[in-house]
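Engineer: coords please:
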Amino acid sequence: MPILIDIDSHEHHLFSRAPNGATNASVSLGAHAECLDIGLINNMPDAALMATERQLFDLLGAAAEGLVVRLHFYTMKATPRSEWGRDYVRRYYRSTDDLLNGSLDGIIVTGTEPRAASLREEPYWPGFVQLVEWASENTASSIYSCLAVHGVVLHMDGVARHALPAKCIGVFSQTKTRNHPLMHNVPATLRIPHARWNEVQEQELASGGYSVLTKSADAGVDCFVKQQKSSLFVHFQGHPEYETQSLLGEYRRDMGRFLRRENEVCPTIPRGYFDAEAEEILTAFRQRALSDRCPEFFADFPADQLAKGLRNDWRRPARHLYRNWLLYMAWQRAESCSPPSAARRVSRTTPRRPEGPSRKRSVLA
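Structural biologist: Residues are numbered from 1 along each chain as shown. As a prediction, this is how the structure comes out:
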């Protein structure tokens, strides 16, 4: 089934993509009344704006199967942008101010690079808080990723992030900790990419009423959930949406910053990501960068050599996670908006709704 994008201009890069043979089209808000409307609040830095759109578009396309999903793009005005970034979101995004006057089945909120010592001092914090409060009352479920996770748990329950001694970067083995509907068909162990400087910790999350669904001995908690008013909040400290080379691109960016002396910390090699040959190549490059730190050396970064042995072994569990999330929202919509027979049809393929208050809201269709 198609992943529809609510953008007027056919110049947008996603119109050229058709995962699983689907046809992508810009549609009016009156079309496809049965589709799930998902808002992407994309706070990623300018260099990652388009990649993030593509990653989530493709993952939703792989997860949708028989469901029709319509993706809407939103931006928070206070998120720092370059001139190019401001022009890009002006052309293809709506403001979250418009979102607050409407209703969606679900939203996905990405993180961004921190600029202030405290999240509450970030320029977008007031808008972020307003968005989170809106989502708790006007969506069936909301997904928060990376830094957005740390912001939402701080605001909703006072759970603070903790700085890590070094960046947590790599693909880490996770263990499924409970049989939750979002974990349907997800294997007992799975690998998920992480890339962050901070973490929220399991004991503090448990004290705040959160249910941890996956965790890692090396990377800590990954996926955890909590019912916040009418919405099931789903949190990923990792990045199940990442493409095969996403971590390679992030490491290359961090190495460039180190060589240009924009950052004094030489990045550590991502764990569990490269094969032995690639690690040997990258170790040699890193040692040379430490001994002969100059911007010109960045041109020798061996990206092509490093990419050869990469494999994406998190795609399948990521698809199951997002599939279950979409089915949960379809179940919620059928339960609240359809006659009993329609709700029964959806429930045949939908994991049972987690315990929590019923959703009573108007539906954008």
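
Engineer: quick one: contacts for the residue minimising distance to the centre of the chain?
Structural biologist: Among the residues of the chain, the one closest to the centroid is residue 145, at 4.2 Å (CA atoms, centre = their mean). Applying CB atoms under 8 Å, 6 or more residues apart in numbering to residue 145 gives the contacts 108, 109, 110, 111, 236, 239, 241. All C-beta atoms are positioned from the backbone trio N, CA, C, and that covers glycine.

Engineer: beta partners for it?
Structural biologist: residue 236 (DSSP bridges).

Engineer: Okay, it and residue 55: tell me how far apart.
Structural biologist: With distances taken as CB to CB, to the nearest Å, residue 145 is found 10 Å from residue 55.

Engineer: Common neighbours of these two, please.
Structural biologist: By the contact definition CB under 8 Å, 6+ apart, residue 145 and residue 55 are jointly contacted by residue 241.

Engineer: Verify the stated contact: residue 252 with residue 301.
Structural biologist: Yes. Between residue 252 and residue 301 there is a contact under CB atoms under 8 Å: 5.7 Å.

Engineer: on that earlier part again, want to throw the contacts of residue 145 into TSV with neighbour count?
Structural biologist: As requested, the contacts of residue 145 are exported to TSV (neighbours: other CB atoms under 10 Å):
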residue	neighbour count
108	25
109	26
110	23
111	21
236	25
239	25
241	26
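
Engineer: which of those lies closest to residue 72?
Structural biologist: Lowest distance from residue 72 to those (CB to CB) belongs to residue 108, with 10.4 Å.

Engineer: Please put the alpha-carbon coordinates of the one helix or strand the closest one maps to into CSV.
Structural biologist: Using DSSP states H and E, residue 108 sits within strand 106-109. Provided in CSV are the C-alpha atoms of strand 106-109 (Å, rounded to 0.1, in the frame of the first residue of the first chain):
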residue,chain,number,x,y,z
GLY,A,106,0.5,9.6,15.7
ILE,A,107,3.7,11.6,15.5
ILE,A,108,7.4,10.8,15.3
VAL,A,109,9.6,13.4,17.0
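
Engineer: which residues sit against it?
Structural biologist: With CB under 8 Å, 6+ apart as the criterion, strand 106-109 contacts 36-41, 43, 56, 99, 131, 135, 139-145, 148, 152, 325, 329.

Engineer: What's the separation between the nearest residue to residue 44 once chain neighbours are set aside and residue 16?
Structural biologist: With sequence-adjacent residues excluded and distances taken as CB to CB, 6 or more residues apart in numbering, residue 44 is closest to residue 52, at 4.6 Å. Residue 52 sits 17 Å away from residue 16, going by CB to CB.

Engineer: Give me the neighbour count for residue 149.
Structural biologist: Using other CB atoms under 10 Å, residue 149 has 29 neighbouring residues.

Engineer: Tell me if I am right that it is in a strand.
Structural biologist: No. Counting by DSSP: H, G, I helix; E, B strand; the rest coil, residue 149 is not part of a strand but helix.

Engineer: residues contacting the residue nearest to it when sequence neighbours are not counted?
Structural biologist: Spatial nearest neighbour of residue 149, excluding adjacent residues (CB to CB, 6+ apart): residue 235 at 4.4 Å. Contacts for residue 235 (CB under 8 Å, 6+ apart) come out as 143, 144, 149, 152, 153, 210, 223, 224, 225.

Engineer: Residue 67 belongs to a strand?
Structural biologist: No. Under three-state DSSP, residue 67 sits outside any strand and is assigned coil.

Engineer: count of residues packed around it?
Structural biologist: Neighbours of residue 67 using other CB under 10 Å come to 19.

Engineer: Phi first, then psi, for residue 49.
Structural biologist: The phi/psi pair for residue 49 (degrees, to the nearest 10) reads phi -60, psi -60.

Engineer: how near is it to residue 234?
Structural biologist: 22 Å.

Engineer: Pairing partners for the nearest residue to residue 199 once chain neighbours are set aside in the sheet, please.
Structural biologist: Closest residue in space to residue 199, ignoring its immediate chain neighbours: residue 220 at 5.1 Å, by CB to CB, 6+ apart. With DSSP bridges as the criterion, residue 220 is bridged to residue 216.

Engineer: OK, contacts around residue 220?
Structural biologist: Per CB under 8 Å, 6+ apart, neighbours of residue 220: 168, 199, 201, 202, 237.

Engineer: ok, those residues vs residue 264, which is closest?
Structural biologist: Residue 264 has its nearest neighbour among these in residue 168, at 18.6 Å by CB to CB.

Engineer: Can you report how many residues lie near the closest residue to residue 185 other than its chain neighbours?
Structural biologist: Using CB to CB, 6+ apart and skipping residues adjacent in sequence, the residue nearest residue 185 is residue 320, 4.6 Å away. Other residues lying near residue 320 total 20 when counted by other CB under 10 Å.

Engineer: Read off the pLDDT value for residue 320.
Structural biologist: Looking at residue 320, its pLDDT stands at 98.

Engineer: for residue 334, same thing?
Structural biologist: Note for residue 334: predicted pLDDT of 87.

Engineer: now swap in residue 10 and tell me
Structural biologist: pLDDT, residue 10: 81.

Engineer: helix/strand/coil for it?
Structural biologist: Classification of residue 10 using three-state DSSP returns coil.

Engineer: What about it, how many residues nearby?
Structural biologist: By other CB under 10 Å, the residues close to residue 10 number 10.

Engineer: Tell me where the model's unsure across the protein.
Structural biologist: For the chain, the stretches with pLDDT under 70 are 1-2, 18-33, 337-365.
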